[in-house]
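Engineer: how does the following fold in three dimensions:
(2 chains, ligands or ions: 2)
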Amino acid sequence: MAVLQSKHDALQARIAALSFAPQGWLGAARSDALARLTAMGLPGKRDEYWRYTDPTGLNAVEAAPVTLFDPGDEPAPFSGVDRLKIVFVDGVFDASQSDALALEGVQIERTCDAAEADIHWASALYGVLEARGQSPVQRPFAALNSAFADDGLLIRVTQTPSKPISLIYHHKSMTSDVILHHCIKVESGAEVTILENGAAAARFNHVMEIEVADDARFHHIRAQGRAHTRQAVTHLFARIGRNAAFKSFTLTANGRLTRNDAVLELLGADSVAHVAGAALGDGDFHHDDTVFITHAAERCESRQVFKKVLKNGAVGVFQGKILVKQGAQKTDGYQISQALMLDGDSQFLAKPELEIYADDVKCSHGSTSGAIDETALFYLRSRGVPLRQAQSLLVLAFLAEAISEIEDEVISDDIRQRLQSWLARHEH
Amino acid sequence: MLEINNLHVKLEEEDKVILRGVNLKIGAGEVHAIMGPNGSGKSTLSYVLSGRDGYEVTEGSAKLEGQELLEMEPEARAAVGLFLAFQYPVEIPGVGNMTFLRTAVNAQRKARNETEISAGDFLKLVREKAKALQIDAEMLKRPVNVGFSGGEKKRNEILQMAMLEPKMCILDETDSGLDVDAMKLVAEGVNALRGAGRSFLVITHYQRLLDHIKPDFVHIMAAGRIIKTGGPELALEVENNGYADLLAESV
Ligand SMILES: Nc1ncnc2c1ncn2[C@@H]1O[C@H](COP(=O)(O)OP(=O)(O)O)[C@@H](O)[C@H]1O
Ligand SMILES: [Mg+2]
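Structural biologist: Ligands and ions are numbered 1, 2, ... in the order given. This next block holds a predicted model:
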């Protein structure tokens, strides 16, 4: 299928200034990605999964400048967590601010350092899961990322490490336009937790490809940067083996535009894939979660739990699909997307989809949007809880199901704390 | 303790008048009962006193120890010592019962410039009060009233009252839907709180509850007014003859 001329032109303009490194196995992967990208072009407003989210700002040749976010004396996310810290500044790895890339049971390399090798384990992953994720739905920004990523890590987990790996994305330049691409392989029997936080850039394109082997467990908790005018498009691509677990949670507070895609494939029996998000938006905020979970094996469980708190014209989008392939019997698929509107101006657009080709499956989906429960609010106040505090309590209660997807209590408390302070700052 | 004068209330959204000049004076340490047919305005009175939205006071006043309640926010009324045990206790998914109780206790303490209760002391206190009401640890952990039976919800109201130690307690049909044993438990919970100058306004349809919580005065409410006031014998009269005679008398 030929790409529309306008899309093609837009793409050429978009990538003209990007640097392309053709060397080694990585060069080959990048060339493939560029070919994919050229064949599809950049997304347009008429594309099925871009109807609710305008890609213009992401397609633009340059990133719109942003005001840098000053967190004041507020502690950074995950401050209380013992972790291996790896810092990127405007998308470039910064060794001086990072811990040594050494953690027992884990190999960590920068992708650019590994590109010279003749053969590398990551060549079976880099761009490969992204390419699989291009069908049946095209994801041009992910292909663009594979082709042009500036930096990123290759993380191979052979044994369960003693602490989480924390990727921190500092944002220093008002116009930074950053493309990061990470590959993570969790070998059989190992378990790892990856933390991510920070505004990263004025415009951030992020891809993480994750292979979760048989009997392995992967946890991902991310707090997206609070800068108000930043734009971000992120993709998680995961291939999940037998008796394995993939769990990802994202907190998004603020941001003019956020598009988070998760494309997860359950390929071995008895595995779980959970993806959850809590999004908080006040004013110029557009937040889109687009999820595609494929059940290709028996007795797997998937959960999608997305909660959005919206006010002052903020927009929330959820597009979630469960595809149950033939033979994926005893699938248990659950999907819930809900918005809590703190005023009448906000908007929530949801597109839940089920596509099922097996007969013995249990799948449910639900989507709601509503205001704070006035009766519950009065009940709390009648017990002496002040209005603002009562509202916060009810908002947190609304988000509780998503937060409960985080297994680690120290981390979930950290996230809850951040939600609370956001609510305190955004009281009406 | 509580002094209601010529209280007139209509619905905010409609031109429907519900209370048409209620007068009621409850002294410190007294127990008053209000009985009356369904729809006579008993719940409305309790909601208006506690500050629920949706009602408009067109005339009159309601003072707690001399302070005008009707101008206060609901949380301020609670802080000065008013408590309503709801006819239909509210379910709050996602908020644990313990969190709810502790938040409420500390919010009231803060409003009164008292120090917050420590986690340890709070736990001890809740366990002790819950035990008396046969509320188990499991119920304390669950979200507020979610999945509670009717009786459990009512006992949970009494637990909140016991924890908050209000001065003026309004119980809106706390006995309805309870079996005899549950009602005894609730009555014991209430009686344990009597004394120390604490006053009660008990709204009920049944003499039964008043056998356990002995009222000093019984009022009959009809069509938004208190049409008759008497002693405990008035409740017996209602039990035996219904409201028909009383209503006819008042016309
Ligand atoms: N929020 C409301 N909206 C509409 N009607 C109401 C509302 N609150 C009370 N009413 C009406 O006011 C009258 C008194 O109700 P209520 O106070 O609940 O009586 P009681 O508790 O004595 O049974 C009833 O006719 C009831 O339908
Ligand atoms: Mg009633």
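
Engineer: how about B:Val144, nearest residue that isn't a chain neighbour?
Structural biologist: Nearest non-adjacent residue to B:Val144, counting by CB to CB, 6 or more residues apart in numbering or on different chains: B:Ile92, 4.1 Å away. All C-beta atoms are positioned from the backbone trio N, CA, C, and that covers glycine.

Engineer: kindly report the same for B:Ala119.
Structural biologist: B:Arg102 (8.0 Å).

Engineer: could you pull up the contacting residues of the residue nearest to B:Val144?
Structural biologist: By CB atoms under 8 Å, 6 or more residues apart in numbering or on different chains, the contact list for B:Ile92 reads A:373, A:376, A:379-380, A:394, A:397, B:100, B:143-146.

Engineer: isn't the residue nearest to B:Ala119 up against B:Phe122?
Structural biologist: Yes. Using CB atoms under 8 Å, B:Arg102 is in contact with B:Phe122, at 5.5 Å.

Engineer: need the helices for chain B, in chain order.
Structural biologist: Ranges of helices within chain B are B:42-50, B:74-79, B:97-111, B:119-132, B:137-141, B:150-164, B:180-193, B:207-212, B:233-241, B:244-250, based on DSSP state H.

Engineer: whichever residue of chain A sits closest to chain B: which element?
Structural biologist: Using CB to the nearest CB, the closest approach of chain A to chain B is made by A:Ala397 at 2.8 Å. Taking DSSP states H and E as the definition, one finds A:Ala397 inside helix A:387-403.

Engineer: who are the packing partners of the helix or strand just after that helix?
Structural biologist: Sequence order places helix A:409-425 as the next helix or strand after helix A:387-403, per DSSP H and E. For helix A:409-425, the packing partners by 3 or more CB pairs under 8 Å, 6 or more residues apart in numbering or on different chains; DSSP states H and E come out as strand A:217-224, strand A:245-253, strand A:272-282, helix A:387-403.

Engineer: could you look up the SS state of the residue of the stretch 1-150 of chain A found nearest ligand 1?
Structural biologist: Closest to ligand 1 within the stretch 1-150 of chain A is A:Tyr52: 37.3 Å, counting by CB to the nearest ligand atom. Three-state call for A:Tyr52 (DSSP: H, G, I helix; E, B strand; the rest coil): coil.

Engineer: so what's it up against?
Structural biologist: Contacts for A:Tyr52 (CB under 8 Å, 6+ apart) come out as A:288, A:317, A:319, A:349, A:351.

Engineer: the third one - how many residues pack around it?
Structural biologist: Going back to what we said before, that points to A:Gln319. For A:Gln319, the neighbour count with other CB atoms under 10 Å in any protein chain shown is 23.

Engineer: secondary structure element for it, which one?
Structural biologist: strand A:315-324.

Engineer: please report how far the residue of chain B found nearest chain A lies from A:Arg303.
Structural biologist: In chain B, the residue that lies nearest chain A is B:Gly94 (2.8 Å; CB to the nearest CB). As for B:Gly94, its distance to A:Arg303 is 17 Å (criterion: CB to CB, to the nearest Å).

Engineer: again, but for B:Phe148
Structural biologist: 27 Å.

Engineer: ditto for B:Tyr55
Structural biologist: For B:Tyr55 relative to A:Arg303 (CB to CB), the value is 43 Å.

Engineer: beta partners of A:His295?
Structural biologist: For A:His295, the beta-bridge partners are A:Leu266, A:Val324 (DSSP bridges).

Engineer: so who does it touch?
Structural biologist: Counting by CB under 8 Å, 6+ apart, the residues that A:His295 touches are A:266, A:302, A:322-325, A:328, A:331, A:333, A:358, A:361.

Engineer: let me know the pLDDT of the residue of chain A most remote from its centre.
Structural biologist: Computed with CA atoms, centre = their mean, the residue of chain A farthest from its C-alpha average is A:Ser382, at 40.1 Å. On the pLDDT scale, A:Ser382 is placed at 97.

Engineer: just B:Val251 next, same as before
Structural biologist: 58.

Engineer: now the helices for chain A?
Structural biologist: A:5-15, A:24-40, A:56-59, A:111-114, A:128-132, A:140-148, A:374-382, A:387-403, A:409-425.

Engineer: who in chain B is up against chain A?
Structural biologist: B:50-53, B:73-75, B:77-79, B:83-84, B:86, B:89-95, B:99-100, B:103-104, B:107-108, B:111, B:143, B:160, B:164 (CB under 8 Å from any CB of the partner chain).

Engineer: so how many other residues sit close to the residue in chain A that ligand 2 sits nearest to?
Structural biologist: Closest to ligand 2 within chain A is A:Thr375: 15.0 Å, counting by CB to the ion. Per other CB under 10 Å, the neighbour tally for A:Thr375 reads 15.

Engineer: next up, the contacts around it.
Structural biologist: B:Val90.

Engineer: the spatially closest residue to A:Gly320 that is not a sequence neighbour bridge partners, please.
Structural biologist: With CB to CB, 6+ apart as the criterion, A:Gly320 has its nearest non-adjacent residue at 4.3 Å, and that residue is A:Val291. Here A:Val291 sits in beta bridges with A:Ala262, A:Gly320, as judged by DSSP bridges.

Engineer: quick one, what contacts A:Val291?
Structural biologist: A:261-264, A:275, A:304, A:306, A:318-321 are the contacts of A:Val291 under CB under 8 Å, 6+ apart.

Engineer: over to A:Asp73?
Structural biologist: Per CB under 8 Å, 6+ apart, neighbours of A:Asp73: none.

Engineer: where does pLDDT dip in the stretch 1-150 of chain B?
Structural biologist: Counting by pLDDT under 70, the stretch 1-150 of chain B has no low-confidence residues at all.

Engineer: and it, which of its residues are near ligand 2?
Structural biologist: Within the stretch 1-150 of chain B, the positions adjacent to ligand 2 are B:43, B:87 by CB under 5 Å from the ion.

Engineer: give me the distance between A:Ala402 and B:Ile135.
Structural biologist: Distance from A:Ala402 to B:Ile135, by CB to CB: 29 Å.

Engineer: go ahead and confirm B:Phe148 touches B:Lys154.
Structural biologist: No. Between B:Phe148 and B:Lys154 there is no contact under CB under 8 Å: 9.1 Å.

Engineer: that older thread, in PyMOL, select just the buried ones from the residues of chain B next to chain A.
Structural biologist: Buried subset of the residues of chain B next to chain A, written as a PyMOL selection, criterion 16 or more other CB atoms under 10 Å in any protein chain shown:
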select buried, chain B and resi 50+51+52+74+75+77+78+79+83+84+86+89+90+91+92+93+94+95+99+100+103+104+107+108+111+143+160+164
